[in-house]
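J.: Got a sequence here, can you model it:
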Amino acid sequence: IMKLVKLATCNLAQWSLDFDGNLKRIIESIKVAKEKGARYRLGPELEVPGYGCEDHFLENDTFLHSWECLAEILKGDYTDDILCDIGMPVMHRNVSYNCRVFVLNRKILLIRPKLFLAQDGNYREARWFTAWKHRFTVESFYLPRFIRAITGQDTVPFGEGVLALRDTVLSAETCEELFTPQSPHIAHMLNGVEIVTNGSGSHHQLRKLNTRVDLIRDATAKNGGIYLYSNQQCCDGGRLYFDGTAMIFCNGKLIARGSQFSPVDVEVIVASADLNAVRSFRNIPSRNEQASVAQTIPRIDVPFELSESIMSPLHEFGKPSEPLAIEYHTPEEEIGFGPACWLWDYLRRSGLSGFFLALSGGADSSATASIVYIMCNMLVDHIKLGNTQVLNDVRRVAKYGPNETPTDPKDLAKRIFFTCYMGTKNSSEETRARAAALAAEIGATHLDVNIDSVVASFEGIVTNTLKKQPRFKVHGGSATENLALQNVQARTRMVLAYFLAQLGLWSQNKDGGLLVLGSANVDEALRGYLTKYDCSSADLNPIGAVSKVDLKRFLLWAAKAYKLSTLVNVVEAPPTAELEPITQDYKQNDEADMGMSYADLAEYGHLRKIERCGPFSMFQHLLNKWSHLKPAEIADKVKFFFRCYSINRHKMTTLTPSYHAEGYSPDDNRYDHRPFLYNVRWTWQFAKIDALVKQLEALEASKQAPHSGVEQSLSN
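T.: Now for the predicted structure:
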C-alpha cells in the first residue's frame, strides 16, 4: 500500500514592501497549488514583506502590514484543506524574528522562528532579527487583536516545534539553516520528521546552485525523507537576483524542480511522494540507533492528513513522481539569463521605458548589449508560450497597443534599447564599425556622435585658467597630464549618456525616460581601472561582478546561441580604452595600462575576498601556485596589485549598483566592506614579503652552491 502525499512549492517574484503585489502572488500560488491537488504549499523566506526590506525591518509598520496581509489570507477560503507555510517577520516579547507561519483551515498552527541567521557576504540578518536560542522548545504567542477576531485563537505555539499530522510529521528549516554544519533537519529527521520544508531567500551567484542542490540531496540521501525548497525569483529592490529553482527531493532523488531564471511572477511545482518509501528507506540499524536516542522535539497535533492510501496504481490520486536528472546551466548561460531577468525586473518595476548604453565596440559594453538582447528574446519566448502576465508587462513598458503582441526580439529591442557610439579623434574605425554592426544585429536604436568639440571646450577652459596646456604622453606630456586628458573624455561620455537617456524617447515623440546602463567588469573595478564618474557611472551595471575571463566566454556563447556574429570580432580584438592618440608606434592596451593581465586579476580577486588573504598570505599562496615564477617576481606582482587596489579603493564608494554574480566582487555598498583610505605603502606587510623572499633566495642559493671539500672527495 502506498501512502502518497502531493506537495507544492513555488518561485515567487516578490518585491520589498509591495504588500499588495506580494499578497496577490502568495494567494495565486495557493490557488494554483490547490488546483493541482496539493495539500501542502511552501513559500519563500519573508515572502509577505519581501526578503530585501533591510532597515525597513526595523519599522513597526513592516510587522503590522505583514500581519494585515496574513489576515486577508485567513479571511478567505484560501487555506481550506491545504496546509500553508508562509514566511513573514514576527515580533515576540518585543524581539524581532524571521518566521515561518503555518496556517490551515483559517487557523494558525505554529510560528517557527529562524534558528541560525545569515550573516556573511550580502546578508546582514542579525542587524534586523534575533535568532531563536531556545532549541526544542515552544511557548505561547499572543496573537494581535484583529487576528484573534478572525481565527478565534488567543495564543498559538511559538518556537522550534514540529507538526504531527494524522499520517506524517512535518517541520521547517529556513534558508541559512540548511547551510550550517549541524542543520536542524538532522535532529528533526532523527526525531521522526518525514517532510522537511525550506522557505529560502537565496540569491544567484555563478556556479552556486550545485551547492544548494548537493546539501538538499545529501540531507535526504543519508536520513531519508522528503525535502521541499522554495525561493524568490526576482530582483526585489537591490543588487541581488534571487534565482528561484524551487525543488522537491525524496530519499536523495530530485522529483520536481522549477526554473532558475524566468520573468514569470508565480511558478508552482507539485510532486507526489510515498511516505511508505521514506519509512522503508529509513529502516537501517545504524540510523535507528541514533534515532532511538534523539532529542525530543515538541509536537503540535494537527487533525489533518496529507496523504491518501492507494491500493491500486490506477487510483485517481496518481503515482509517485519519477526521479529527474539534475541539470545545471553553464556559467555562460548564467551570465546571460541571470542579469537579463534582473534588468527586466528593475525596468518593469521602475516605471521607466527602456535602457540607454554607451556602446564602444569593446567586450564589456558588447556584453551588456548582448544581455539586453537575451532579455528581449526571453520575454518574447514567454509571450509565445501564452504567459499573459509577461505580455501585459511588455505592452506597458514598451508602449505596445492593447491588441499588439510582440513576436520579434529585435522589434522589442528597437522600442526599449538605445545605444550610442561616442567617438573622439582617438577612436578607431574598427570599434565604430563593431558598435554599429552589433546594434544592427540586436535591433537597437543606434546613435553615433563625436564628442571632440565638447572635450576641446573643457581643454580650452583649463588652458585659459591654468595658463598651461596639458599634453598626452605620446606628445611629451607627463603621466598627470596624460591621465587628466583621458578622464575628461570619459566623464564627458557620462554626462552625454544621461542627457540622451532623458531625451531619447522624446525625440520619437514618446513619453518616458531610459535607464542608463554601465559596463565595467569586476576585475577593472578591483584594480581601479576606471574613471570615477565616467561611463562606469550609471543607473545599473549587469556585468559589474563578472570577470573579464568569464565575459569573453559568455560573448562567444552568445555569438553562437543568438546569432550575433559581431561578438566574435569583439572577442578577437585587443581590449583598449581608446582614450590616447593612436600613433604608428603606440596603441593603447588595457592590460598594458593596468600592468597586469585579466587572468592574474581574477586570481588576486579570488584570494583577496574568497580566501581572505592580505598581502603576505596572498604571496604565500601564489608561491605554490605560480611555481614558474621566481619569489621576487611574485612579490613584485602582489605588491603592485595591492598598491593599485588601495590607491583606487575610493572609487568603490560610488560604484554603480551591479548585479551580484561573483564571490570576489569589490562592491563597497553591501558586499565588500573595507576602508577607502589606505596606507598604500603597506610597510609592515610588504616588509614581511621582502623578508620571506630573502629567506627563499638564500635557501635556493645554498642548493646551488658547490659541495664541501669532503663531499667532493667522496664523490671522486
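J.: For L607, give me its contacts.
T.: The neighbourhood of L607, defined by Cβ atoms under 8 Å, 6 or more residues apart in numbering, consists of C613, S617, M618, H621, L622. C-beta here means a position set from N, CA and C on the backbone, and glycine is covered the same way.
J.: OK, contacts around the second one?
T.: Okay, so that is S617. In this structure, S617 makes contact with L607, E611, judged by Cβ under 8 Å, 6+ apart.
J.: In a strand, it, correct?
T.: No: when DSSP: H, G, I helix; E, B strand; the rest coil is applied, S617 is found to be helix, with no strand at that position.
J.: can you list the contacts of L607 in TSV and add pLDDT and distance to I582?
T.: Listed next are the contacts of L607 as TSV, based on pLDDT from 0 to 100; distance: Cβ to Cβ, whole Å:
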residue	pLDDT	distance to I582
C613	96	39
S617	97	42
M618	97	36
H621	96	39
L622	97	35
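J.: Compare these and tell me which has the most neighbours.
T.: In terms of neighbour count, M618 stands highest of those at 25 neighbours, by other Cβ atoms under 10 Å.
J.: What separation is there between that one and M594?
T.: As judged by Cβ to Cβ, to the nearest Å, M618 and M594 stand 17 Å apart.
J.: Repeat that for V372.
T.: Using Cβ to Cβ, one obtains 27 Å as the distance from V372 to M594.
J.: before we move on, which element is S646 in?
T.: With elements delineated by DSSP states H and E, S646 resides in helix 631-648, which encompasses its position.
J.: Which elements pack onto that helix?
T.: Packed against helix 631-648, as judged by 3 or more Cβ pairs under 8 Å, 6 or more residues apart in numbering; DSSP states H and E, are the following elements: helix 522-527, helix 598-605, helix 615-625, helix 683-704.
J.: want to try TSV for the ones you listed, with distance to P49 as columns?
T.: Formatted as TSV, the helices and strands packed on helix 631-648 follow (distance: least, Cβ to Cβ, whole Å):
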stretch	distance to P49
helix 522-527	31
helix 598-605	34
helix 615-625	41
helix 683-704	44
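J.: number of nearby residues for the spatially closest residue to Q620 that is not a sequence neighbour?
T.: For Q620, ignoring the flanking residues on the chain, the nearest one in space by Cβ to Cβ, 6 or more residues apart in numbering is L692 at 7.6 Å. Residues within reach of L692, counting by other Cβ under 10 Å, total 16.
J.: measure the residue nearest the centre of the chain to A294 for me?
T.: Taking Cα atoms, centre = their mean, the centroid of the chain lies closest to H204, which sits 3.3 Å from it. Using Cβ to Cβ, H204 is found at 36 Å from A294.
J.: Likewise for I300?
T.: Distance of I300 to A294, given as Cβ to Cβ: 18 Å.
J.: now swap in A698 and tell me
T.: 59 Å.
J.: Counting neighbours, go ahead and name the busier of the two.
T.: Taking other Cβ under 10 Å, A698 and A294 do not tie; A294 has more neighbours (14 against 9).
J.: what sits against that one?
T.: A294 is in contact with A187, L190, N191, counting by Cβ under 8 Å, 6+ apart.
J.: Could you tell me what pLDDT the model assigned to it?
T.: If you check A294, the pLDDT there is 93.
J.: same deal with R217?
T.: As predicted, R217 sits at a pLDDT of 96.
J.: my read: it touches C250, true?
T.: No: because the distance of 10.4 Å does not satisfy Cβ atoms under 8 Å, R217 is recorded as not touching C250.
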